[in-house]
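> here is the input, now give the coordinates:
(2 chains)
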2 protein chains.
Amino acid sequence: MEITCSNFKENLPEIQKAIENSLFVSIDCEFSGLNIVRNINAFDTPKEYYKKMRTNCKDFLVMQYGLSTFRYNQEENNFIQSSYNFYIFRRPINRNIPDNRFLCQSSSIDFLISHSFDFNKLFKEGLPYLNQIETDKYKDNVDQAYQKALEIIESNANEVEPDIIPIPENAQQFMEDVKQQIEVFLKTEETEMQLPKCNAFFRRLVYQIKESEYFGKISVETRQIEKDRVLFVTKLKSPEEEKQLAKKKYEEQKQELDDFIGFTKVLKIIIESGKLVIGHNLCLDFFHTVDKFLMPLPESYEEFKQMSHSLFSRVLDTKYMSSNEPFKELISSTVLGQLLEIVSKKPFGLPEIVIEEPSKGYTTDCSKEHEAGYDAFITGLCFLGMWKHLGLLDNRSDCKTFQNMDLLEPYMNRLFLMTLTDSQYIHLSGEDLQPSRDHVFHLTFPKEWKLSNVQQLFSPFGNIYVSWIDETSAYIALYKKDQAKMAYTTLRNGDGYSLKTFAARQVQLSVENGLRITSPTPSKKRKSSDSPAHVKSKRVDNSAINSALSKMTIQPETMVVEREDNAKSKVFQEDDNWT
Amino acid sequence: MEITCSNFKENLPEIQKAIENSLFVSIDCEFSGLNIVRNINAFDTPKEYYKKMRTNCKDFLVMQYGLSTFRYNQEENNFIQSSYNFYIFRRPINRNIPDNRFLCQSSSIDFLISHSFDFNKLFKEGLPYLNQIETDKYKDNVDQAYQKALEIIESNANEVEPDIIPIPENAQQFMEDVKQQIEVFLKTEETEMQLPKCNAFFRRLVYQIKESEYFGKISVETRQIEKDRVLFVTKLKSPEEEKQLAKKKYEEQKQELDDFIGFTKVLKIIIESGKLVIGHNLCLDFFHTVDKFLMPLPESYEEFKQMSHSLFSRVLDTKYMSSNEPFKELISSTVLGQLLEIVSKKPFGLPEIVIEEPSKGYTTDCSKEHEAGYDAFITGLCFLGMWKHLGLLDNRSDCKTFQNMDLLEPYMNRLFLMTLTDSQYIHLSGEDLQPSRDHVFHLTFPKEWKLSNVQQLFSPFGNIYVSWIDETSAYIALYKKDQAKMAYTTLRNGDGYSLKTFAARQVQLSVENGLRITSPTPSKKRKSSDSPAHVKSKRVDNSAINSALSKMTIQPETMVVEREDNAKSKVFQEDDNWT
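Residues are numbered from 1 along each chain as shown, chains lettered A, B, ... in the order given. Modelled structure (predicted):
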């Protein structure tokens, strides 16, 4: 079901009920863009990955948020789902809502429009949101304005009298007319009167004659009427009436604030419910969810982990799940659409799925790929297919499988990290992996060096994997891990380059970061033509490669070198969740 | 008439004809945003203004471009107009079109959607464009790719053989199937065959068996079929056939480049025609026009003036025209819509306007405000109203008035500058004004200073106009200009602050700029609450103010201090051309 400004309020209670009654919920986001620079390195640590992604996250918007709730019906052994597709856009209605400058990425916009994303609906009817910092600031402003208004009424003080501006010739007739209207108005029973439209300078003059000629008799207020700012004259009231008015305005403003919290309310309901949250390739969605709607992503990675785990006690990334045991061998592609196909067939199989209300759910044949609500829905299905399979492997009935979440423990709170080698993930509720990188070196070299120079340097030690950092540095991994010590001893004191162990490089980085907060502008990337991401020395026989490969846990995707120059960039233009 | 990808090509000849037959054209743009920071100071020079606006210009997009052509029919003494409303959006179709990250400003998006701007049409059917730098680079890439292809064919060289990746178990069945299909294909008359869809890793394996098992027999190519990348197998051809194919591909790519030049072609036609170009509050539109479609705005202001005048020999800003003699006294508002109302009535009057073809023009009662094409159209009308009036003042018949452009000389090539004092403008074809700023000082002071401290300091010298730069500096202008020398002598050596003449400050700035290229991040602005833009000391009587005011040529708009805190920001959220 589509949720916009026009039906959010009326549907919120039902959405809340759907979340609270669910066994789990699944989510998916569509963004205005994915990345500013693509500088993730295969040998980044999760912490480095976080810092880079945080930068990429900050300036883009979440434009659509999909939520699917799955309620388990034990009697029928089926799942009842409701799906919601929220349009998210915050218009700068008042000064408490910042007039954002946000980034869009052409390829992302193109991707969305080619999947029938409705930008007009987004910008016209998108839901507002406020993270906690914004909410607090907004509330402070409203409170302070009320306090100030009360003080003014009580001290019976007028605002400081402005300086008198002479009335220019072209305004004199207008001002005479205004004065006459005010005189007539003061004799009537009416409480307020609208003045004719005029420009800002004329409005300034009207405020001036209010002070100079109608002091204590009227107040003047500017209101927004459609596209225009229009003056209203009101007869002055008693302090008690003024206080009541101020109170009323205060209540209205608090209500307005509550309205602006908008979509954030849905996330608060999810958090309060403590339900398991599922996403596919969840990392970026999760970062944005926290950053935009809850708390701005902190600079510190440890703080981020702590904060987000305290918000979401249980999250599960189906990309991580499907890439690990026992699914790794059974699942040839973890791309979302293909994953669904796989888990729909033997040896997998989906439990029966029922739509709670026809207007509020999807079926898998509705061709809504890349609509956030649909993607959230099929993510939930993929999860169910795998969960059910875990139960089968453990000889459990579905009913028993879905009764508790013990089988899911190995996947819980682990966010899949694209591009990184050695199966790294972000572990939200524990220590990250500390895989040995004793066979990885950090090499700096002259600008003129090409891949072949690097290969030549390392040729005595077998095949290498080169992951460029910039024009003069790269990480080098040995396929023959047992050669690491020998390679380091031999090459450490060479001329014209500098070689560090991975560990030494990490120490260096943390010292540098301790000294100064570096801005994350990456150095110029090597052109793809001089550096296929995955290359091995030619001189070594294939059996050695096979053996080295079998020891590596690199995902097949990270090893691909396509013949077309733009293949990689094309892949990245696609929806991250579909990879 | 709306022009998108789907009708651009067929309409271009007619648009060209309309431009070439016109007496003048008028333009208007809609943007994805107006400014990143609003740090224009009332005492900026045109050069400083340019540098700031250039920064603001760089990251936003032109999303709609309006063009109106006005042809004079001497016999009937009327103007025949055609209007075009171009949607502009560049999708990153191939690697020669950068995958832009562009900025949007929420208030601008909100403004456009509230005026029925169709973002779906924009993103789906927008026209591409290429500035000269982009065109040259694109052409180089196409040429080089062709040369390389020819070299490969002639040297009969194969691309470097990739390293062999072992075929994992889950791919073995697939690869067997592929091989079988290729065997069958080689025995047929077919020239090409599509392979089943597969992921990037599987595609890599297919390339591998092409080398290892079908060397010299087939070539394999990946093509984009809708959302998927699909492999095609082709039987290998003779070198002659290969060359012909390369030539054909080259021609196709050149045609593609020509298509991508898109909207830029319209501007090239305007430039070649040498026609007078009209715009209202033209500055930002002009900057974007040059930057996006012709040549990136250079850092140097002088270079910009030279370059843009060499492109556009005659431009006229109706905001500048209507703000100067003899219109200044006759025109109470230079806001576009109001200006049209004024010049439609006595003592003004519009010449008769005829639409060339009903589908290709607007009338003034069609309620299309803020559609770029409509705004361009009414800008043309405003211009005609004023031009006609100049003729009347000179006792000319319309026919004589429109026969040559001598009456327009005082307004030619002058871009109106919002916010600046003393009637500054950018003079594209000559020296900018050098108004005396002997009565203006640059003051730096402690962070704790408020407006009242500044006022107190200058109180012996009458009223002052304070234009804040940041939290610790401001420009101070004396209303009593004759007090300037005395004020400087008295205050120059004071304690706790530092005072410079405006001229000395300019020298300081140019020295600083000579030493380093500063990034244009502005210092923190003063909050509006401590600094109404326009304030005078309280101690001086009103007659002095009146007299000082009458000597100043500040536009009324720059003097407004509205009571509501957010009034100013609201004004700026509106379309710049409508101000």
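
> for chain A, where's the lowest mean pLDDT among helices and strands?
Of all regular secondary-structure elements in chain A, judged by mean pLDDT, DSSP states H and E, the least confident is helix A:567-573 with a mean of 31.

> in which helix or strand does residue A:123 reside?
helix A:119-125 (DSSP states H and E).

> now that helix: how far from the chain's centre is it?
A distance of 19 Å separates the C-alpha centroid of helix A:119-125 from that of its chain, computed with CA atoms, centre = their mean, to the nearest Å.

> and for stretch A:291-310?
Computed by CA atoms, centre = their mean, the chain-centroid distance of stretch A:291-310 equals 12 Å.

> the residue of the stretch 201-350 of chain A found nearest chain B: what secondary structure?
Chain B sits closest to residue A:201 of the stretch 201-350 of chain A, with a gap of 4.2 Å, by CB to the nearest CB. All C-beta atoms are positioned from the backbone trio N, CA, C, and that covers glycine. Put simply, residue A:201 is helix when judged by DSSP: H, G, I helix; E, B strand; the rest coil.

> neighbours around it, how many?
Neighbourhood size, residue A:201 [other CB atoms under 10 Å in any protein chain shown]: 19.

> what do you get for residue A:79?
When counting by other CB under 10 Å, one arrives at 23 neighbours for residue A:79.

> for the nearest residue to residue A:288 once chain neighbours are set aside, what are its contacts?
Residue nearest to residue A:288 in three dimensions, not counting chain neighbours: residue A:62, with 5.0 Å by CB to CB, 6 or more residues apart in numbering or on different chains. Under the criterion of CB atoms under 8 Å, 6 or more residues apart in numbering or on different chains, the contact partners of residue A:62 comprise A:29, A:30, A:31, A:88, A:288, A:289, A:292, A:293.

> pull out the buried residues from the helix holding residue A:123.
Within helix A:119-125, the residues scored as buried using 16 or more other CB atoms under 10 Å in any protein chain shown are A:119, A:121, A:122, A:123, A:124, A:125.

> need the contact list for the second one.
Contacts here follow CB under 8 Å, 6+ apart; on that basis residue A:121 touches A:4, A:87.

> one more time with 10 Å, if that's ok
Taking CB atoms under 10 Å, 6 or more residues apart in numbering or on different chains, we find residue A:121 in contact with A:2, A:4, A:5, A:6, A:64, A:87, A:89, B:113, B:119, B:120.

> among the residues you listed, which are located in helices?
When the contacts of residue A:121 are checked against helices using DSSP state H, the ones located there are B:113, B:119, B:120.

> looking at these, which is nearest residue A:262?
For these, the closest approach to residue A:262 (CB to CB) belongs to residue B:113, at 17.3 Å.

> and the closest one, how many neighbours does it have?
The local packing count at residue B:113 equals 21, with neighbours defined by other CB under 10 Å.

> so how far is residue B:32 from it?
Taking CB to CB, to the nearest Å as the criterion, residue B:113 is separated from residue B:32 by 12 Å.

> ok, now residue A:260?
In this view, residue A:260 and residue B:32 are 24 Å apart by CB to CB.

> for residue A:176, same thing?
44 Å.

> which one's more surrounded, these two?
In terms of neighbours (other CB under 10 Å), residue B:32 is the more surrounded of residue A:176 and residue B:32; the figures are 21 against 11.

> ok, that one touching residue B:56?
No - if you go by CB atoms under 10 Å, residue B:32 and residue B:56 don't touch, sitting 11.8 Å apart.

> which neighbours do these two have in common?
Contact criterion CB under 10 Å, 6+ apart; residues shared by residue B:32 and residue B:56: B:103, B:105.

> now do the helix or strand containing residue A:337: which elements does it pack against?
Secondary structure here is read from DSSP H and E; on that basis residue A:337 sits in helix A:336-344. For helix A:336-344, the elements it packs on are helix A:318-322, helix A:372-393, judged by 3 or more CB pairs under 10 Å, 6 or more residues apart in numbering or on different chains; DSSP states H and E.
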